[in-house]
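>>> Sequence plus predicted model, see below.
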Amino acid sequence: MTTVAALAATIDRALRDAMGRALPAGLAGADPQVRRSARGDFQANGLLSAARQAGMSPRELAEKVAASVDGQGVIAACEASGPGFLNITVTDSALLGQVSARLGDDRLGIPASEHGITVIDYSQPNIAKEMHVGHLRSTIIGDALARILGFLGEEVIRHNHLGDWGTQFGMLIEYLIEHGEDWQHEAGSAEESLSRLNRLYRDARAAFDSDPGFADRARRRVVALQAGDPRTLAGWREIVAESKVYFNEVYDKLGVLLTDEDAVGESFYNPFLPEVADELERLGVAQVDQGALCVFFDDITGPTGERIPLIIRKSDGGFGYAATDLAAIRYRIGTLHARRILYVVDIRQALHFRMVFETARRAGWLNDQVHAYHVAFGTVLGPDGRPFKTRAGETVRLISLLDEAVERARAVVREKSRHLDAGSLEATAQQVGIGAVKYADLASNRAKDYVFDLDRMVSLTGNTGVYLQYAHARTRSILRKAGDEAAAVARVHPGVALDPAERALALKLDELGATLDDVAQAYEPHRLCGYLFELAQAFTAFFESCPVLRAPDQPTRENRLVLCKLTGETLKTGLELLGLAAPDQL
Ligand code: ARG
């Protein structure tokens, strides 16, 4: 149990006592909320409704609770404050007890509660196109959420909703079939795959624009693809496979959880589209309007007040992005039994998801038990504050971006960690460089835009991945120096008084659970980043004022070793939940 939970239980007991008979039978007491606070160590509130039920003023009730609380060795001081708060200071021995209990638990004291299945739709690059920084954001944020929700006990299903279907394939497949010999190749690198795809795209586009005969054949190719013509499908498969070589290399470099099994692209839902449209029409959710099957919303209108529909089936009978998303939501709920679906997608698609979710609600697929949420993120900006592009105005190549980050990191690590041999230097540069990019993305509030600034990302000071990686490595270095003793020490000496910096560190360590709950509530990984940054700062302050290896006496030394250990484990767990490596040595 965390300190907060223990305190809440104690305060709850005192509250019930204080309310005494004033509490009408059958009415449970209010639920005191305990939070970390700058005044005292914790603050309890939530006494207002209890006071009302007890017919006392909140202040009066708070004073009664403060006077009657049984500290049980945990609470050192409890004072009423303000209109009905309690400021609580915990004892040093309780804090130390928490530290060693958490260290003795391989989940660091964080409970895993089973809620059910969550589908996370993330990454979602488009076949035969380059991944752009938006896909990078989705991949990084989605992956962190998959790790965090999984750690908290959720059964997570990762879905990479690849853009692998649609009319644009007509010209690509047609061109491939007509000029197949150029395409013959040995399996090569991602760079090669990508340039081959870019060339295919460019050439097919040029032929489409300049040669009406080709454009015609390309359109017929779309029909053949929809109809499942084997030769057309074979061409499509080749293009998909080629793209996956490239995506997988990006995933590999990034160190994300996504595998080929997670790739459930738009094409997967193609067979379900007609029945989804029929079902929506039968339920009266969708209506035919000017030949197209549409869903209307009173509150979604265009500039002249006309209602903007979500188009399920176009007047030519074709299905698009919206129909696919409706088939996907229906499949995820009906077949996979998801109780929650997260869409980690650019904020510019907010209206699309609002319409899709509302349609699914009207169809009864989403309801009070089953939720969908658009985990929206902002744009990555260049140094000029405009959407990130190369100087030539093209989209930035992800692989070169990541390589550049590793190169910057190599320079930083070479400078700072002269003791590393060449092999470890290289491995560390990868971990630091990739970590820097991921962390910078995760550390900013996801709904906002952020500036892609490699220099800041690999900076050793400030809220950066490498700062946290160094703090973690420092805990390991202290423990390495203490050798076998550090390995053996696990228990604390609860009788030893704590220094202010030790107290602050112990209290910070105690916040991991509440932080993860916050992240899981709001789907905001930056809260975990902020917490880890504060923890690293608390550790630095501790490290500067409380010598560990040269502690004044053996019990103090052992307590400090335990604090170092738990700090190291907490930083490592936190970094890994964000998808960053936590090397032991830097
Ligand atoms: N492939 C789309 C794009 O690049 C994003 C797909 C998002 N996911 C979804 N279920 N619609 O814009």
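Arrived safely.

>>> Is the residue of the stretch 301-450 of the chain found nearest the ligand part of a helix or strand, or is it coil?
Using Cβ to the nearest ligand atom, the closest approach of the stretch 301-450 of the chain to the ligand is made by Val345 at 4.4 Å. For glycine as for every other residue, the C-beta is placed from the backbone atoms N, C-alpha and C. Under DSSP: H, G, I helix; E, B strand; the rest coil, Val345 falls in the strand class.

>>> what's the weakest-modelled helix or strand in this structure?
Within the chain, confidence by mean pLDDT, DSSP states H and E is lowest for helix 180-183 among all helices and strands, at a mean of 66.

>>> Show the subsequent helix or strand relative to that helix.
The element immediately downstream of helix 180-183 (helix or strand, assigned by DSSP states H and E) is helix 190-210.

>>> hmm, who's touching that next one?
Helix 190-210 is contacted from outside by 128-130, 171-172, 174-176, 179, 183, 185, 214-215, 218, 239, 242-243, 245-246, 248-250, 397, 399, using Cβ atoms under 8 Å, 6 or more residues apart in numbering.

>>> at 7 Å what do you get?
128, 130, 171-172, 175-176, 185, 214-215, 218, 242-243, 245-246, 249, 399 (Cβ atoms under 7 Å, 6 or more residues apart in numbering).

>>> ok, Gly46 - how many residues close by?
The criterion is other Cβ atoms under 10 Å. On that basis, Gly46 has 21 neighbouring residues.

>>> same check, this time on Gly291
Counted by other Cβ under 10 Å, the residues lying close to Gly291 total 11.

>>> Quick check on it: phi, psi?
When read as degrees, to the nearest 10, the backbone of Gly291 gives phi 90, psi -20.

>>> How about Val90?
The phi and psi values for Val90, taken as degrees, to the nearest 10, are phi -100, psi 160.

>>> Report the beta-bridge partners for it.
According to DSSP bridges, the residues that bridge with Val90 are Ile75.

>>> My guess is it contacts Thr10. True?
No: between Val90 and Thr10 there is no contact, the gap being 10.3 Å when judged by Cβ atoms under 7 Å.

>>> who's more crowded, those two?
For Val90 versus Thr10, neighbours defined as other Cβ under 10 Å are more numerous around Val90 (26 against 21).

>>> residues in contact with that one?
Residues near Val90 by Cβ under 7 Å, 6+ apart: Thr3, Asp41, Phe42, Val74, Ile75, Ala76.

>>> ok, the first one to Ala146 distance?
Going back to what we said before, that points to Thr3. Distance, Thr3 to Ala146, by Cβ to Cβ, to the nearest Å: 29 Å.

>>> for the helix or strand where Ile434 lies, packing partners?
Using DSSP H and E, Ile434 sits within helix 422-443. Applying 3 or more Cβ pairs under 7 Å, 6 or more residues apart in numbering; DSSP states H and E, one finds that helix 422-443 contacts helix 133-151, helix 398-416, helix 454-457, helix 465-482, helix 526-545, helix 554-578.

>>> Given the helix or strand that that helix is followed by, what are its sheet partners and their directions?
Following helix 422-443 in sequence order, the next helix or strand is strand 450-451 (DSSP H and E). Paired strands of strand 450-451, with direction, are strand 380-381 (parallel) (DSSP bridges).

>>> and the protein, which residues reach the ligand?
By Cβ under 6 Å from any ligand atom, the part of the chain that sits against the ligand consists of Asp121, Gln124, Asn126, His161, Gly163, Asp325, Ala328, Tyr343, Val345.

>>> Among those residues, name the buried ones.
For these, a neighbour count by 16 or more other Cβ atoms under 10 Å gives the buried set as Asp121, Gln124, Asn126, His161, Gly163, Asp325, Ala328, Tyr343, Val345.

>>> Among those, which ones are in helices?
Residues of those located in helices (DSSP state H): Asp325, Ala328.

>>> If we only consider the buried ones among the residues of the chain next to the ligand, which is nearest to Thr515?
Relative to Thr515, the closest of these is Tyr343; by Cβ to Cβ it sits at 23.8 Å.

>>> distance of the closest one from Leu468?
Here the distance between Tyr343 and Leu468 works out to 28 Å (Cβ to Cβ).

>>> Can you tell me the closest non-neighbouring residue to Leu532?
Here the nearest residue to Leu532 in space, its sequence neighbours aside, is Gly574; by Cβ to Cβ, 6 or more residues apart in numbering that works out to 4.5 Å.

>>> Now do the same for that neighbour: its pLDDT.
The model reports Gly574 with a pLDDT of 98.

>>> Arg102 - that's part of a strand, no?
No: per three-state DSSP, Arg102 lies outside any strand segment and is helix.

>>> So it sits against Leu108, correct?
Yes: counting by Cβ under 7 Å, Arg102 does reach Leu108; the two are 5.1 Å apart.

>>> and the two? which has more neighbours close in?
Arg102 (22 against 19).

>>> Okay, now the unreliable bits of the protein?
Applying pLDDT under 70 to the chain flags residues 1-2, 20-31, 181-187, 390-393.

>>> looking at it, which residue lies furthest from center?
Here the chain has its C-alpha centre computed as a mean, and the residue farthest from that point, by Cα atoms, centre = their mean, is Gly213 with 47.9 Å.

>>> so what's the residue of the stretch 301-450 of the chain closest to the ligand up against?
Val345 makes contacts with Ser138, His374, Ala376, as judged by Cβ under 7 Å, 6+ apart.
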